[in-house]
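# Fold the following and give me the result.
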Amino acid sequence: MTDWLSRMFVKNYGKVDDPQVRVGYGILAGVVGIVCNLLLCAAKGAIGLSAGSVSIVADAVNNLSDASSNVVSLIGFKLASRPADEGHPYGHGRFEYLAGLVISVLVTAVGIELASSGVERIAVPEPVEFSWALVVVMLLSVAVKAWMMGFNKTLGHRIESETLAATATDSRNDALSTLAVLACTLVSQLTGIQIDGWVGLALGIFVLVSGLGLVHETVDTLLGEAPSPELVAHIRNEILSRPGVLDMHGLMVHDYGPGRKFASAHVVMAAEENPLEAHAVLDAIERHSLEHDGIMLTLHWDPVVTKSGEGGVFEGAGVPDGIDEGRR
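The predicted structure is shown next:
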């Protein structure tokens, strides 16, 4: 289903490095999320009100919040696709990270509301009216949310989007929450024990903790966390594999949004090297980085003397050890 939707609604869906293709995926995910969440909100809201269940109504409100999150995601992708301008020479890609932060905050707010509603119902317990229509709607909701989790996770991995990854986590939370609500409804029907409020409180705490975790991740990205060791090792290996390169140091990586990474490093080469040939090597590394990794890499030649006047070789003279961990 995910691949079929991608082929149907995303032009050139295979070119995920193209900014316009990213926007297409973001719009697709946003529209699908809005439609699914509004339908679930209407169905669960009607069932919850008729059954007098605070946890089911809260779950419906959660779906409405999810729909607003999908709107934020859609707007974020659209704004992030704006080209660089005089005031923003590195583009607007961080709008996508801001959208992810807003979604994370909304998830946290929903957790607080769910917990508050649970406490109120614990203080004033009321029976939950059981119906098979409720069971059908809740099971359908679990199935839809499980599919949405996989859908957003797949698209998020495909275009390396933290916003869609956060949306996938939210969908997972919703599926687990709905299962818990259904379980407490069945327990109430079979035993007469009212645990609706306690389940609402537990769900609220679970969603709150999950939301705070998402906030932490998105804030780290916006503040400029260090690049992953895998990325540092990859850049290092690409540079050191080229002829004439002795070592490298001073690697710095800056992230201005998905597909908008900039990096710089010092490359150690023999001072006896022909300057034009050294420049050609560095230029080839930069082109390869942009074409294959999507990283605009700027390299500085650090020349070191490797031969003495008598024709001998200085062992490692002037060659720095190791590599900086890099930072954004």
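# only C-alpha atoms for contact and neighbour calcs from this point on.
OK.
# Okay, now the unreliable bits of the stretch 51-200 of the chain?
Across the stretch 51-200 of the chain, the ranges flagged by pLDDT under 70 are 53-55, 126-129.
# what about the strands in the stretch 151-300 of the chain?
Using DSSP state E, counting those that start in this stretch, the strands of the stretch 151-300 of the chain run over 245-255, 261-270, 295-304.
# Pull the contacting residues for Glu272.
Neighbour list for Glu272: 305-306 [criterion: C-alpha atoms under 8 Å, 6 or more residues apart in numbering].
# Check Val31 too.
Counting by C-alpha under 8 Å, 6+ apart, Val31 has contacts 70-71, 74.
# So which of the residues you listed wins on neighbours?
Asn70 (27 neighbours; other C-alpha atoms under 10 Å).
# That one reaches Ile34, doesn't it?
Yes: using C-alpha atoms under 8 Å as the test, Asn70 is close enough to Ile34 to be in contact (5.9 Å).
# For the stretch 201-328 of the chain, give me the ranges with low pLDDT.
308-328.
# how about the helices in it?
229-240, 275-288 (DSSP state H, counting those that start in this stretch).
# Compare those helices and give me the one nearest Asn62.
helix 229-240 (37.0 Å; C-alpha to C-alpha).
# In helices only, show me the contacts of Val31.
Counted as lying in helices by DSSP state H, out of these, are 70-71, 74.
# Identify, from the residues you listed, the entry nearest to Leu201.
Taking C-alpha to C-alpha as the measure, Leu201 lies nearest Asn70 of the ones in helices among the contacts of Val31, at 25.1 Å.
# Excluding covalently adjacent residues, which one is nearest to that closest one?
With C-alpha to C-alpha, 6 or more residues apart in numbering as the criterion, Asn70 has its nearest non-adjacent residue at 4.8 Å, and that residue is Gly30.
# Run through the residues that contact that neighbour.
Neighbouring residues of Gly30 by C-alpha under 8 Å, 6+ apart: 70-71, 73-74.
# ok, Met148 to Val142 distance?
10 Å (C-alpha to C-alpha, to the nearest Å).
# re the thing from before, okay, the helices of the stretch 201-328 of the chain in a markdown table with mean neighbour count next?
Output for the helices of the stretch 201-328 of the chain, formatted as a markdown table (neighbours: other C-alpha atoms under 10 Å):
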| stretch | mean neighbour count |
| --- | --- |
| helix 229-240 | 15 |
| helix 275-288 | 15 |
